[in-house]
Structure formats: C-alpha cells, structure tokens
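Participant: build me a model from this:
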Amino acid sequence: MSSRRASAWIGIVAGAAVGAAYPFIQLAIDCRAPQSEACVWGKSLLPLTLAVSVVVVGAIAAYAIYALLEWRRRSRDAEE
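Facilitator: Numbers count the residues shown, from 1 in each chain. Okay, the predicted model is just below:
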C-alpha cells in the first residue's frame with residue numbers, strides 16, 4: 001500500500017513540476033526573437049498560462065507518471 005502512495009506522491013510532485021516548467025520553456029522558445037508577437041503575448045499572459053498549465057498539463061503528466069510507476073511496480077511484483 002505504501003508503494004502505491006509513494007507512486008501517487010511522486011506523480012503529483014513531478015506533474016506539478018512539469019506543468020510549471022512548460023510555460024517557461026515555451027516562452028524561452030518564443031523569445032528567441034524578443035520583439036516577436038509570440039514573445040510579447042507570452043510574457044503578458046504568463047500568469048494565466050502558468051495557472052492553467054499547472055492544472056491541465058500537470059494533471060496529464062501526473063497521471064502518466066503514476067501509471068508508469070504502477071506498471072513497473074506490478075511487473076516487478078509479478079516477477080517475484
């Protein structure tokens with residue numbers, strides 16, 4: 001049971017980190033040309049994008065990481 005809980009916490013923390021990092025990575029890509037329209041809009045909408053990204057992208061990433069960890073745990077338990 002604790003292994004399942006650990007997988008859930010790892011998924012939640014990693015998902016939140018992925019969700020928080022995504023807008024900054026996208027902004028870094030868009031701001032290679034600092035005067036571009038994408039860079040200007042990206043900077044102005046960063047707080048909104050960050051809030052949405054942590055929830056949406058973070059939830060998807062958390063579920064994917066949790067599913068991967070549980071799949072590995074179950075396959076490891078089946079081998080034993």
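Participant: ignoring the adjacent residues along the chain, who's closest to the residue most central in space within the chain?
Facilitator: Residue closest to the average C-alpha location in the chain (CA atoms, centre = their mean): Val18, at 2.5 Å. Leaving out its chain neighbours, the residue that sits closest to Val18 by CB to CB, 6 or more residues apart in numbering is Ala61, at 4.1 Å. Glycine gets a C-beta too; all of them are placed from N, C-alpha and C.
Participant: on that earlier part again, return the distance of the helix or strand containing the residue nearest to the centre of the chain from the chain's centre.
Facilitator: Assigned by DSSP states H and E, Val18 belongs to helix 2-30. Relative to its chain's centre, helix 2-30 lies at 3 Å (CA atoms, centre = their mean, to the nearest Å).
Participant: so which bits of it are buried?
Facilitator: By neighbour count on 16 or more other CB atoms under 10 Å, the buried set for helix 2-30 is 7, 11-12, 14-16, 18-19, 21-23, 27, 30.
Participant: which of the helices or strands spans the residue nearest to Val18?
Facilitator: Assigned by DSSP H and E, Ala61 belongs to helix 46-79.
Participant: buried sites along that helix?
Facilitator: 49-50, 53-54, 57-58, 61-62, 65-66, 69.
Participant: enumerate every residue touching Ile65.
Facilitator: Contact analysis of Ile65 by CB atoms under 8 Å, 6 or more residues apart in numbering lists 10-11, 14-15.
Participant: and those residues, which is closest to Ser3?
Facilitator: Nearest to Ser3 among these is Ile10, at 10.5 Å by CB to CB.
Participant: so that closest one touches Leu68, yeah?
Facilitator: No. Using CB atoms under 8 Å, Ile10 makes no contact with Leu68, being 10.0 Å away.
Participant: got a list of what the spatially closest residue to Tyr63 that is not a sequence neighbour touches?
Facilitator: Nearest non-adjacent residue to Tyr63, counting by CB to CB, 6+ apart: Gly11, 7.0 Å away. Listed by CB under 8 Å, 6+ apart, the contact partners of Gly11 are 62-63, 65-66, 69.
Participant: cool, Glu70 as well?
Facilitator: By CB under 8 Å, 6+ apart, the contact list for Glu70 reads 4, 7.
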